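**Student:** Sequence first, predicted coordinates after that:
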Amino acid sequence: MDPQTAFVGTYSDGASEGIYTCEISVGTEPALRSRGVTEVTDNPSFVTIHPTQQFLYTVHEIETGAVTGFAIDENDELTRLNRVESGASGPCHCQVHPSGRFLFVAHYTGGAASVVPIREDGRLDTPTDVVHHEGSSVHPERQTAPHPHAVESGPDGKYVYVPDLGTDEIVRYEFDPTAGRLQRVGAVSAAAGAGPRHLAFHPDAPFVYVINELDSTMTAYTRAPETGELDEITTEPTLPTDYGGENITADVHVHPSGRWVYGSNRGHDSIVIFEVDSRTGGISPIGHEPTGGEWPRNFAIDLTGSLLLAENRYTDDIFAFEIDDESGELTETSATLSIPSPACMQIRRESP
C-alpha cells in the first residue's frame, strides 16, 4: 500500500507552529515521516477531514471559539479557506456530517454543541444552531457545569451524540439537515462521576463504545438504529487492577475489523486493549501497552488496521505500534516522529 497522509492538530502554546502533515508507511518496516507544517495559531487542537477528502477543518480551543477550513490539494498541501466563530467558548472537537454540508462542534468550556454550515467550495458559514447543555454532577472540580467533549454523527447521519463530561450524560439529538438544527430527543446517563469523553461506533454492528475520563472506564452500548437510543451492555476499567496512581482517559477507537476496542490512559500512559464479543457487543480486557511517552491525548489506527499511532502530548512524540491480526495486541515498532504537543491525528483516505 502507498504511504498514507495524516494531519496532526496540536496545542500552540509551546513550540508548535500549527497543523503538521506526516506520512505513514506500513509493512515489514513501518515508518513515520514529517512532510511539513501549515502555520496555524490559537490551539488547532482537533482536526477532521471532509467525506470528500478535499477539505480539512480545525477547532481553535480558545475563549472566543473558532473553526477554520482548509482545502487539501493533490499533494496533500493545505490552503486556508476561511475562519468563523464557532458559537461558544473552548471548542475541543469537531466532525463533518456524512452529507458533507455541516460541521458539528463541541465546546468544553462553553457547555454547548453547534452546527456550522459548509459551502460547496468548503468554506464555512456562521452557525445555524448552538445548543447549550444544562446540569452538573458529583465531581467537585470537573463537574460543576456542562462540558460537552465530543460530537459524533451516527452512521446514518440522523442522530448526533454528544458525550458531556460535566453532566455524566451522552445526549442524543435528531438532526434536521434542511434547517441545520439539532433537536434533543434523549440522553443516557453514565455512572456518577464517570465523565464520558469520546465515543466510537462499531463498523458493522449496532454497538457504541464510550470512554469515561474521570473514573477510567469504558462502557459498551447497543444502539437502536430506528430511535438512536443507547442501552448499556457493560462497563470495564481501563487500568490494571494493581495500578494505584492518578489517571484520566482520553480517546477511543474501534479496530476496522470490529474485533477490538482501544482506549488511551493519561497518567498510566498506556493503550488499553479490549476484545469485542461479536454477538453481544460486550468487551473483555486483553492488556495494556505503554505509549512510549507521556500523556497520550489521542491516537489513531491506520487505514489497513496494521498500526496504532499514539500521540504523546507532554513528550512531543508519536509512536507506532503493530497490531497483531490474531490477538489485537500491540508491539512497539521503531517508527517514531517528533511533533510538538500532538493532540489529534486524522488520516486522509483516497478521494471517493
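**Tutor:** Here it is on my side, so go on. Numbering: from 1, shown residues only.
**Student:** what ranges of this protein fall below the confidence cut-off?
**Tutor:** 351-352 (pLDDT under 70).
**Student:** Listing partners with orientation, what would you give for the helix or strand that contains residue 211?
**Tutor:** Under the criterion of DSSP states H and E, residue 211 resides in strand 207-212. Using DSSP bridges, the strands paired with strand 207-212 in its sheet are strand 196-201 (antiparallel), strand 217-223 (antiparallel).
**Student:** and of the ones you listed, who's closest to residue 342?
**Tutor:** Residue 342 lies closest to strand 196-201 among these, at 16.1 Å (Cβ to Cβ). Glycine gets a C-beta too; all of them are placed from N, C-alpha and C.
**Student:** hmm, who's touching the closest one?
**Tutor:** 93, 149-150, 152, 154-155, 161, 163-165, 168-170, 190, 207-213, 219, 223, 249-254, 261 (Cβ atoms under 8 Å, 6 or more residues apart in numbering).
**Student:** where does the closest residue to residue 154 other than its chain neighbours fall, helix, sheet strand or coil?
**Tutor:** Spatial nearest neighbour of residue 154, chain neighbours left out: residue 228 (6.1 Å); criterion: Cβ to Cβ, 6 or more residues apart in numbering. When classified by DSSP: H, G, I helix; E, B strand; the rest coil, residue 228 comes out as coil.
**Student:** Selecting buried members of the contacts of strand 196-201 in PyMOL, what would you type?
**Tutor:** Buried members of those can be picked out in PyMOL with the line below, counting by 16 or more other Cβ atoms under 10 Å:
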select buried, resi 93+149+150+152+154+161+163+164+165+168+169+170+190+207+208+209+210+211+212+213+219+223+249+250+251+252+253+254+261
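**Student:** Which strands and helices lie in contact with the strand or helix carrying residue 93?
**Tutor:** Here residue 93, judged by DSSP H and E, is contained in strand 91-96. In terms of contacts (3 or more Cβ pairs under 8 Å, 6 or more residues apart in numbering; DSSP states H and E), strand 91-96 is packed against strand 47-49, strand 55-60, strand 66-72, strand 102-107.
**Student:** quick one: strands adjacent to the third one?
**Tutor:** This means strand 66-72. By DSSP bridges, strand 66-72 pairs with strand 55-60 (antiparallel), strand 78-85 (antiparallel).
**Student:** I'd say residue 316 and residue 340 touch.
**Tutor:** Yes - counting by Cβ atoms under 8 Å, residue 316 does reach residue 340; the two are 5.0 Å apart.
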